[in-house]
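> Structure, please.
(one chain, ligands or ions: 1)
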Amino acid sequence: MIVYGAGGLGRELSKEMGLSCCYADDLDDPSMSCGPDTWEPNSNFIAAVGNGMVRSSMVKKAMSFGHRPNWWNNGDYDPPGRLQPNVIIMKGSLLTVDITIEEGVLVNIGAMVGHDCILRKYCSIQPHANLSGCEVGPFAYIGMGANIVAAKDGRLRQIGASAVIGAGAVLTHDVMAGEVWVGNPARRIR
Ligand SMILES: CC(C)(COP(=O)(O)OP(=O)(O)OC[C@H]1O[C@@H](n2cnc3c(N)ncnc32)[C@H](O)[C@@H]1OP(=O)(O)O)[C@@H](O)C(=O)NCCC(=O)NCCS
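Presented below is the predicted three-dimensional model:
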């Protein structure tokens with residue numbers, strides 16, 4: 001298995017997998033191996049960067065060279081079936097029951113995802129975020145230590161596509177696509 005991405009997440013994932021290196025494009029570090037054009041044919045890989053848009057374009061690039069996206073689950077999670085390609089569930093995370101996880105989702109170290117949450121494609125749940133009763137839109141980014149509080153009326157709290165929730169936020173409102181919310185209680189800054 002190849003870890004594609006040599007930033008913090010790539011190195012952390014390599015360590016979890018017991019690999020000695022990760023691969024990167026466009027990196028000046030001569031000790032680093034290079035991108036998907038240099039890999040063995042039909043390599044299995046995982047693209048590991050925190051930003052879902054970047055992760056998705058890395059997957060597309062590697063696949064264009066004939067490589068195959070894999071998945072990683074080192075959390076406390078028993079998926080009902082196979083995980084989707086390029087899903088990454090890092091060490092110390094806890095995912096309970098009836099959770100939907102689409103392609104390319106990242107659940108980072110120590111995050112907690114409660115029952116019935118829906119994680120749409122290439123969203124990123126960063127370390128120690130806590131999610132209860134929510135739907136996280138495609139490419140959305142939940143910062144480290146953020147708390148997403150479920151809606152009172154039993155519906156899922158909505159976080160729109162490509163929205164960003166800042167580190168440490170306590171989110172008690174729905175968030176529209178592309179918005180940025182920070183603080184406790186969270187307020188919209190963009
Ligand atoms: C939300 C975030 C993306 C905003 O970044 P940004 O657009 O560069 O915003 P800025 O730093 O310009 O800050 C804008 C304002 O929001 C405030 N702010 C930014 N992030 C905040 C946060 N997490 N909590 C509270 N306030 C925050 C700033 O203090 C600033 O307020 P001011 O205008 O009164 O001075 C970023 O701060 C953040 O929290 N990123 C998540 C980091 C993370 O989880 N990394 C995980 C690595 S594994």
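> from the middle of its chain, how far away would the helix of greatest length in the chain be?
In the chain, with assignment by DSSP state H, the single longest helix is helix 52-64. Relative to its chain's centre, helix 52-64 lies at 13 Å (CA atoms, centre = their mean, to the nearest Å).
> Ok, stretch 115-135 next?
Distance, centroid of stretch 115-135 to centroid of chain: 9 Å (CA atoms, centre = their mean).
> Let's see the distance spanning stretch 164-179 from one end to the other.
6 Å (CA to CA, to the nearest Å).
> Need the residues that contact that stretch.
126, 137, 140-149, 151, 157-163, 180-186, 188, 190 (CB atoms under 8 Å, 6 or more residues apart in numbering). Where you see a C-beta, it was placed from the backbone N, CA and C, and this is true even at glycine.
> pLDDT of it, averaged?
For stretch 164-179, the mean pLDDT works out to 98.
> Could you list the domains of this protein?
2-69, 72-182 (automatic domain parsing).
> Which among these is found nearest to the ligand?
domain 72-182 (3.0 Å; CB to the nearest ligand atom).
> The closest one and the ligand, are they touching?
Yes - Domain 72-182 comes into contact with the ligand (CB under 6 Å from any ligand atom), by way of 126-127, 143-144, 164, 166-168, 180, 182.
> Now the nearest residue to Gly7 once chain neighbours are set aside: which helix or strand?
Nearest in space to Gly7, with sequence neighbours left out and distances taken as CB to CB, 6 or more residues apart in numbering, is Val49 at 5.8 Å. Using DSSP states H and E, Val49 sits within no helix or strand.
> what sits against Val49?
Contacts of Val49 by CB under 8 Å, 6+ apart are 5, 7, 9-10, 55, 58.
> Give me the pLDDT value at it.
97.
> likewise the one 4 residues further on?
pLDDT recorded at Met53 is 98.
> Hmm, Ala140 and it touching each other?
No - Met53 is beyond contact range of Ala140, at 10.7 Å (criterion: CB atoms under 8 Å).
> Name all residues that make contact with the residue nearest to Gly8 when sequence neighbours are not counted.
Nearest non-adjacent residue to Gly8, counting by CB to CB, 6+ apart: Gly50, 7.6 Å away. When contacts are counted by CB under 8 Å, 6+ apart, Gly50 touches 7-9, 106, 108, 124, 126, 141.
> let's see 7 Å
9, 106, 124, 126 (CB atoms under 7 Å, 6 or more residues apart in numbering).
> contacting residues for the last one?
If I follow you right, that is Gln126. 50, 108, 142-144.
> Produce a ChimeraX select command limited to the buried residues of the contacts of Val49.
Entered in ChimeraX, the line below selects the buried ones among those, by 16 or more other CB atoms under 10 Å:
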select :5,9,10,55,58
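> Now do the helices in this protein.
8-17, 52-64.
> ok so, going back, ok, the longest helix of the chain near the ligand or not?
No - remark: helix 52-64 sits outside contact range of the ligand, by CB under 6 Å from any ligand atom, the gap being at least 12.8 Å.
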